[in-house]
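pasted the sequence and its predicted model underneath.
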Amino acid sequence: MPKRKSTTEPSGSNKEAKSFLSKDKFRKVCSQLEKTIVDEKNSSAFVCGGTIPIKDEAAKLKNQIPKPSNPVTIFWESKDGSHAKKLVLPLKDPNDDSLRQLVADCEPASFGKGQEDVMDPEYRKAGKLEPSQFATSFHFMDFGLQEIIENILAPPLDLEKKVASRRIETELYKLNVYSGPSGLFQKHVDTPRSKTQIGSLVVCLPSAFKGGNLIVRHNGKEIDFDWEHQSADVIQWAALYSDCEHEIKTITEGERITLTYNLYIAEPLEADAPISLIDAKRLALYEELKSILQNPGFMPKGGVLGIFCSHAYPHTASNVETLLPRGLKGADKTVYAALRSLGIKVDVLPVVIDDEDSYTYEVDEEDEEFVGSVGAITEEYKKEKAEKKAKKEAEKREAEKSPERSAEYLEYKHLGRRVHVGAKLQPHIVADSNKLEEEGGLLATIKTSWPRSEYSRPITWIANPQHQELAMSYMAYGNEYSQQTVYSYAAIMAVIPPYTERQISN
Ligand SMILES: O=C(O)CCC(=O)C(=O)O
Ligand SMILES: [Fe+2]
């Protein structure tokens, strides 16, 4: 049975109010937590890959591991659509003309830039065939790739024994040919084909080439798929989250032939299907959070942790409620799962950071708690804080006079900027200008049109905001009308109960 920590606290309840961690200690604990979360973000898988050998008839090996593939056949339609052609990889006969014909029958490949499809050989030089124009004997399902990808990029779960693995659905997207001496695809993130797309799978067929490394980056980490050495002999593959930046280095010789697939997180079978969670108790983060929460001096009266997501999600899409938190990736999922397993109320919520540096809100001094990014406190920031204090106090007195609930419960700070946390994830909204207050502006718009979360405790922000989505558009009043947009970040918001109410079992 979970025990109430208060009963084991030797200092006694009358000392509780004095058992706050000092500001410095609190900051240290938060910095350590931030470091663990950032390390988790850095070490979490954002890409995976492997090799599939080609069956060697002569060797007649049985039960080879990994399971080998037959040579891969591709049929495609001729440019005039009048007949089909065939290519088998790896090429047995160097004089075989079929590879050259495939290259000739491809159309130049475009790439997505914003909403547009752009053709620019400086940026992407490749050929493509649409799935309707070719057929292949290669089926990645035959080699267990789906399971590997599901396990690494969308791990299956175990929460209160309700196992709900996050199934991935795949869709063949293109056949691409990158040819030497100048084929390439410069740095980009993939344009998601739908709101549920989480990643892409690239299968590189056996055909000799030089160069053409696929490089994938996330959170300062880089994975380099150097495929040239085995390019002639085996199938090589990589699956990555679509929001990770990647590039294909110049192919200096030969043909790099790939099948690309879109990876989607499968829609839940029922709306209330349990959220899939990894077995969080095995995570280092779980242990660290647990010991922090068992510390009576950590947020003794309760508080809120706001942890900015490290991956990009379409968190203002129309189907966002089915998408998140189910579709959390990598470290975000780990953080969410660890907090949930510790019985903490945790939500994924949109966060608007107001860049107008016109507002300050201070936590009650007695809280001895710091609001802001723990990683970024500077002397300058402290000084600025002190200077604004007088102004703030005047504002606060004003606010207290107001019959409305004081704004301090709804507006928080991140590095001295005003922050609003949404009440829930919601699709992008177009605010009704008529309802806006006369002075207009972001604050007024948010107040009237964007439901916000109300917390009675300050928020401690962990990690840096990463990726914004359009949250709201509205007409602003000024000398002229203008269309304004408001962007939000997704953050994992955890409400930490007062120490005496935490139920952390050992
Ligand atoms: O071929 C590859 O390695 C990656 C392809 C790619 O990035 C894309 O098609 O968007
Ligand atoms: Fe890509």
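Yep, that arrived. Residues are numbered from 1 along each chain as shown. Ligands and ions are numbered 1, 2, ... in the order given.

remind me which residues of the stretch 51-200 of the chain are low pLDDT?
Applying pLDDT under 70 to the stretch 51-200 of the chain picks out residues 57-66, 155-166.

which residues of it lie near ligand 1?
F185, D190 (C-beta under 6 Å from any ligand atom). From N, CA and C alone the C-beta is placed, and that goes for glycine too.

for the stretch 51-200 of the chain, which segments count as helices?
98-105, 145-153 (DSSP state H, counting those that start in this stretch).

the stretch 251-400 of the chain: strands as residue ranges?
303-308, 345-354 (DSSP state E, counting those that start in this stretch).

now stretch 104-115: buried residues?
By 16 or more other C-beta atoms under 10 Å, the buried positions in stretch 104-115 come out as D105, C106, A109, F111.

got it, and stretch 87-97?
Those would be L87, V88, L89, P90, L91, for stretch 87-97 by 16+ other C-beta under 10 Å.

from these, which is closest to ligand 1?
L89 (15.5 Å; C-beta to the nearest ligand atom).

wait, doesn't the closest one sit right on R256?
No - using C-beta atoms under 8 Å, L89 is not in contact with R256; the gap is 11.7 Å.

who touches both of these two?
S207 (C-beta atoms under 8 Å, 6 or more residues apart in numbering).

near ligand 1, which residues of this protein are found?
Close to ligand 1, as judged by C-beta under 6 Å from any ligand atom, the chain has residues F185, D190, V202, L214, H246, I248, T258, T260.

lowest-confidence entry in those residues?
The pLDDT minimum for these sits at D190, where the score is 88.

for it, which non-adjacent residue is closest in space?
Excluding the flanking residues, the one nearest D190 by C-beta to C-beta, 6 or more residues apart in numbering is S242, at 4.1 Å.

equivalent analysis for L443, please.
D354 (7.0 Å).

okay, now that neighbour: neighbour count?
19 (other C-beta atoms under 10 Å).

report the rounded mean pLDDT for stretch 231-238.
For stretch 231-238, the per-residue pLDDT averages 94.

now N70, nearest residue through space, not along the chain?
In space, N70 is closest to K55, 5.4 Å off (C-beta to C-beta, 6+ apart).

could you break this protein into its assigned domains?
Following automatic domain parsing, one gets these domains for the chain: 5-44+277-501, 47-153+168-265.

if I look at P498, how far off is M299?
For P498, the distance to M299 (C-beta to C-beta, to the nearest Å) stands at 8 Å.

quick one, which of these two is more surrounded?
For P498 versus M299, the count of surrounding residues by other C-beta under 10 Å is larger for M299: 27 against 14.

now that one, nearest residue through space, not along the chain?
M299 sits nearest to I496 (C-beta to C-beta, 6+ apart), 4.9 Å away.

just want the phi and psi numbers for the one you found.
Per-residue torsions, I496: phi -90, psi 120 (degrees, to the nearest 10).

beta partners for it?
For I496, the beta-bridge partners are G303 (DSSP bridges).

ok, back up a step: can I get the buried residues of stretch 104-115 in TSV with distance to K41?
Formatted as TSV, those follow (distance: C-beta to C-beta, whole Å):
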residue	distance to K41
D105	43
C106	38
A109	32
F111	27
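
give me the subset of those residues that lies in strands.
F111 (DSSP state E).

farthest pair within the buried residues of stretch 104-115?
For the buried residues of stretch 104-115, the farthest-apart pair by C-beta to C-beta is D105 and F111; their separation is 20.4 Å.

how about residues contacting stretch 132-141?
69-70, 72-77, 146, 170, 175, 201, 203, 205, 235, 237, 259, 261.

for stretch 387-406, what is the average pLDDT?
The model assigns stretch 387-406 a mean pLDDT of 56.

before we move on, what about stretch 305-322?
For stretch 305-322, the per-residue pLDDT averages 86.

gap between the two ends of it?
24 Å (C-alpha to C-alpha, to the nearest Å).

name the nearest residue to the spatially most central residue of the chain, ignoring sequence neighbours.
For the chain, the residue sitting closest to the mean C-alpha position, by C-alpha atoms, centre = their mean, is H311 at 1.8 Å. Excluding the flanking residues, the one nearest H311 by C-beta to C-beta, 6+ apart is K329, at 4.4 Å.

burial count for the one you found?
Per other C-beta under 10 Å, the neighbour tally for K329 reads 25.

that one against I198, yeah?
Yes - using C-beta under 8 Å, K329 is in contact with I198, at 6.4 Å.

which SS state does Q503 fall under?
Secondary structure assignment for Q503 (DSSP: H, G, I helix; E, B strand; the rest coil): coil.

still on that earlier bit, check the helices of the stretch 51-200 of the chain for me and report the most buried one.
Mean neighbour count (mean count of other C-beta atoms under 10 Å) peaks for helix 145-153 among the helices of the stretch 51-200 of the chain, with a mean of 18.

who does that one touch, helix- and strand-wise?
If you count contacts as 3 or more C-beta pairs under 8 Å, 6 or more residues apart in numbering; DSSP states H and E, helix 145-153 packs onto strand 47-52, strand 168-179, strand 197-204, strand 235-241.

would you mind checking the contacts of stretch 132-141 for buried ones?
Looks like the contacts of stretch 132-141 have 69, 72, 74, 76-77, 146, 170, 175, 201, 203, 205, 235, 237, 259, 261 buried, using 16+ other C-beta under 10 Å.

now for the residues you listed: which two are most distant?
Maximum distance among the buried ones among the contacts of stretch 132-141 (C-beta to C-beta): 28.1 Å, for E77 and Q146.

what sits against the closest residue to K86 other than its chain neighbours?
Leaving aside its chain neighbours, K86 sits nearest to F75 (5.4 Å; criterion: C-beta to C-beta, 6+ apart). Listed by C-beta under 8 Å, 6+ apart, the contact set of F75 reads A84, K85, K86, F134, A135, T136.

may I have the phi/psi pair for the residue of the stretch 301-450 of the chain found nearest ligand 1?
Of all residues in the stretch 301-450 of the chain, A312 sits closest to ligand 1, at 15.5 Å by C-beta to the nearest ligand atom. Torsion angles at A312 (phi, psi; degrees, to the nearest 10) stand at phi -90, psi 130.

quick check: it touching D332?
No - using C-beta under 8 Å, A312 is not in contact with D332; the gap is 10.3 Å.

more crowded one of the two?
More crowded of A312 and D332, by other C-beta under 10 Å: D332, with 26 against 19.

from what I see, the more buried one and H311 are in contact.
Yes - the pair D332 / H311 is scored as a contact, 5.6 Å apart, by C-beta under 8 Å.

good, wrapping up.
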